[in-house]
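Asker: Let me see the structure of the following:
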Amino acid sequence: MDSKEINHIAKLARLKFDEGSVESMTKDMNDILKWMEILKSADTSVVDNTTEDTTPLRQREDDVKISNLSEELMKNAPESYEHYFVVPKVVE
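Answerer: Predicted coordinates:
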């Protein structure tokens, strides 16, 4: 993974990094990918993958609550128009 890919991912996630952070992030991501390759080569043939947790789940009542949260949700949007989220165009 190189700095171009890190910048592309950051743009998609709407993150901004300075050049020093991009270099650090590139190193960190490459280290993570190396660890993933090591984990991928681990022998798991002796692990029993058929066991299941049979503990019953606690259930709760479904309480219907009618509310309009659109204004509260729109406060978290980086950009909105009327009552809609504005997202970058992804298809040409």
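Asker: only C-alpha atoms for contact and neighbour calcs from this point on.
Answerer: OK.
Asker: list the buried ones in the helix or strand of the chain with the lowest mean pLDDT?
Answerer: Least confident helix or strand of the chain, by mean pLDDT, DSSP states H and E, is helix 70-74 with a mean of 83. Using 16 or more other CA atoms under 10 Å as the test for burial, helix 70-74 gives residue 74.
Asker: Give the next helix or strand downstream of it.
Answerer: Moving toward the C-terminus from helix 70-74, the first helix or strand encountered (DSSP states H and E) is strand 80-81.
Asker: what pairs with residue 85 across the strands?
Answerer: Beta bridges link residue 85 to residue 80, judged by DSSP bridges.
Asker: Count residues in the vicinity of it, would you?
Answerer: The tally of other residues near residue 85 (other CA atoms under 10 Å) stands at 13.
Asker: Look up how far residue 53 lies from it.
Answerer: Distance, residue 85 to residue 53, using CA to CA, to the nearest Å: 40 Å.
Asker: ok, now residue 87?
Answerer: 41 Å.
Asker: neighbour count winner among those two?
Answerer: Each of residue 87 and residue 53 has its neighbours counted (other CA under 10 Å); residue 87 has more, 10 against 5.
Asker: what stretches of the protein score poorly on pLDDT?
Answerer: Judged by pLDDT under 70, the chain has no weakly predicted residues.
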